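> Structure, please.
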Amino acid sequence: MSDRIARCLGSLFRLLLVLVAFGASLTAPLDCALAAERRPIAPLRVAVYDVPPYGTVGSDGALSGLSVDLWRRVAEELEWEYRLTPVSQMETILSGLEQGRFDAAIGAITITPEREARIDFSYPTHRSGVAVALPKETGPLAAIVSYVTVAADLGALIVGILALLLLLGVVIWLIERPGRSGKPPPEDSVVTLRDGLYWAVVTMTTVGYGDKTPKTPLGRLVAVVWMLSSVALVSLLSASLVSRLTAERVENSSIRAESDLTGKKLAAVAQSSGAEYLDELHLKYEKYDNLAEALSSLANGQSNAVVNSVGALQYLVAARFAQVIRVPRVLLAPAFMAIALPDNSPLKKPIDRALIKITASPEWKSVEELYFGR
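Predicted coordinates:
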C-alpha cells in the first residue's frame, strides 16, 4: 500500500515538473521581447539638433537643453544606454535617421508633413508653432517718423483745415476792417489781414486769448459759427491722428496672417519649420545656416522679418536681441515638436509610454518654466 502511494506521489511530482517547464517555455519569448524592448543591445545613437534652448553644446563640450533633459528622463525610465551627438543641420538629422546612422533625434524638431513623409515621430514633447520676429521701433526718431507718415496720409484733411483757416481769416478781416465809421478802431479789433488769420487760428485751437475780437454783429455771428465748427474740426483731426498712429503701430509690430508676409524681405534658417512654411506659401526668403545669423540680418536691416519655430525664436531674442527685436505673441501655424525616429522603429512604443508619463508630471512643468519663464 505504501509503495503504491509512493509511486503516485512520484508521478504527481514529475507531472508538476513538466507543467512548470512547459509554462517557462511559454513565458520565455514574452520575457525576452520585453527585455529587448526595454534594453537595446548597444547604446542608442541619439542626434541632438543644436538649437537652444532645446539642445546646445556648452563651452565645456557638454550637451544641455530642454529636449536633452527630457531624453535623459526617458532613458532613465526605460533603463536605456545612449550616446548623444550634436548636429547643426536638419538635413543631416533626417538623412541620418533614414540611413540608420541615428536611432533617434531630439531637439527643436517640429512635426511637419514634409518630415513625416521621410521619418516617424514620437508622442509630442513640446508645444510649438511658426512665429515671426520683427524689428523693434523705439525712440524719438521712430515716433517722429511715424507721426510724419500718418500726417502725410491725412494730407487732404490737413490741407482742407488750413484752407478753411485762411478763408475765415480773410472773411473776418473784410467784416471787421476799419474805415467804415471814421473812428479809430480799438486795440483789440481785427485791423489787418494778419490779425484776421491770427484770430482764426487762436479761435480754432480754443486758446481764446481775447487780444483780437470781432466788434460788429456780423463778425460776432461768424465768430460763433467758427467756434462751433472748430470744435468739430479739431476733434476730427485728433481722432484721425490717434487712430492712424495706432493702426500704423499695430501694422508694423505684428503679422497675423499669411498675407501680411507678402512684400517683406523675409529670412529663415534653411530646412527649418519656418523655411518649410514659407516654401508652402511660395514666398521668397533669404536662407541662413542658423537662427543667430538670421536674427542678425533683421537687427542690421537686411531683412524685415524672420520666420522660425516660436520657442527657439523667443529664447534667442530674449538672450541676445531684446533691445532691437521683438516676437509678437501670434502663431502663424501652431505645431508640436517630438522625438524623431526612423520609420517602423521598435523604440516608438516604449518612448511614447515614457513621454506620456513624464510630460504629464508637475515636476516636468517646472522644468519647462525654468527655460521659458512662463
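
> mind giving me the domain ranges of the chain?
41-126+335-372, 140-253, 256-333 (automatic domain parsing).

> Report the rounded mean pLDDT for the longest one.
For domain 41-126+335-372, mean pLDDT is 94.

> distance between the ends of that domain?
One end of domain 41-126+335-372 to the other measures 36 Å (CA to CA, to the nearest Å).

> re the thing from before, okay if I get the domains of the chain as CSV plus mean neighbour count and distance to Ala133?
Where C-beta positions appear, they are placed from N, C-alpha and C, glycine not excepted. Output for the domains of the chain, formatted as CSV (neighbours: other CB atoms under 10 Å; distance: least, CB to CB, whole Å):
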stretch, mean neighbour count, distance to Ala133
domain 41-126+335-372, 18, 15
domain 140-253, 14, 11
domain 256-333, 18, 4
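
> Export these as CSV, with columns for distance to Leu134.
As requested, the domains of the chain are arranged in CSV below (distance: least, CB to CB, whole Å):
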stretch, distance to Leu134
domain 41-126+335-372, 20
domain 140-253, 6
domain 256-333, 6
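
> Val132: which of those is closest?
domain 256-333 (5.0 Å; CB to CB).

> can I assume Val234 is in contact with Val207?
No - the pair Val234 / Val207 is not scored as a contact, 11.2 Å apart, by CB atoms under 8 Å.

> Let me see the ranges of the strands in the stretch 201-350 of the chain.
For the stretch 201-350 of the chain, applying DSSP state E, counting those that start in this stretch gives strands covering 266-269, 286-288, 305-309, 325-326, 333-341.

> Can you add distance to Ala354 and give those strands back as a markdown table?
Below are the strands of the stretch 201-350 of the chain laid out as a markdown table (distance: least, CB to CB, whole Å):
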| stretch | distance to Ala354 |
| --- | --- |
| strand 266-269 | 30 |
| strand 286-288 | 35 |
| strand 305-309 | 24 |
| strand 325-326 | 37 |
| strand 333-341 | 10 |
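
> ok, which stretches of the protein are helices?
Secondary structure of the chain by DSSP state H: the helices cover 2-38, 66-78, 90-98, 113-116, 140-153, 155-176, 193-204, 217-253, 273-280, 291-299, 310-320, 348-359, 362-372.

> Which one of those helices lies nearest to Leu44?
helix 66-78 (7.7 Å).

> Now render the helices of the chain as a markdown table, adding distance to Ala131.
Conversion of the helices of the chain to a markdown table gives the following (distance: least, CB to CB, whole Å):
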| stretch | distance to Ala131 |
| --- | --- |
| helix 2-38 | 38 |
| helix 66-78 | 17 |
| helix 90-98 | 18 |
| helix 113-116 | 18 |
| helix 140-153 | 23 |
| helix 155-176 | 36 |
| helix 193-204 | 47 |
| helix 217-253 | 13 |
| helix 273-280 | 8 |
| helix 291-299 | 12 |
| helix 310-320 | 4 |
| helix 348-359 | 22 |
| helix 362-372 | 13 |
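
> Any idea which of the ones you listed gets closest to Tyr123?
Nearest of these to Tyr123, taken as CB to CB: helix 348-359 at 4.3 Å.

> what is the residue nearest to the spatial centre of the chain paired to in the beta sheet?
In the chain, the residue lying closest to the centroid (CA atoms, centre = their mean) is Ala131, at 3.7 Å. For Ala131, the beta-bridge partners under DSSP bridges are Asn308.

> what bits of the stretch 151-300 of the chain have low per-residue confidence?
In the predicted model, the stretch 151-300 of the chain carries pLDDT under 70 at residues 178-184, 208, 245-258.

> swap the cut-off to 80 and go again
151-154, 177-188, 206-212, 242-260 (pLDDT under 80).

> and of the strands of the stretch 201-350 of the chain, who's closest to Asp69?
Set against Asp69 and scored by CB to CB, these come closest in strand 333-341, at 13.0 Å.

> any idea of the angle that closest one forms with helix 348-359?
120 degrees (axes from the mean of the first three to the mean of the last three CA atoms, to 10 degrees).

> how far does strand 333-341 sit from the chain's center?
16 Å (CA atoms, centre = their mean, to the nearest Å).

> just to revisit the earlier point, can you tell which of the helices of the chain is closest to Leu261?
It's helix 273-280; of these, that one is closest to Leu261 (CB to CB) at 7.7 Å.

> What is that closest one packed up against?
strand 120-135, strand 266-269, strand 305-309 (3 or more CB pairs under 8 Å, 6 or more residues apart in numbering; DSSP states H and E).
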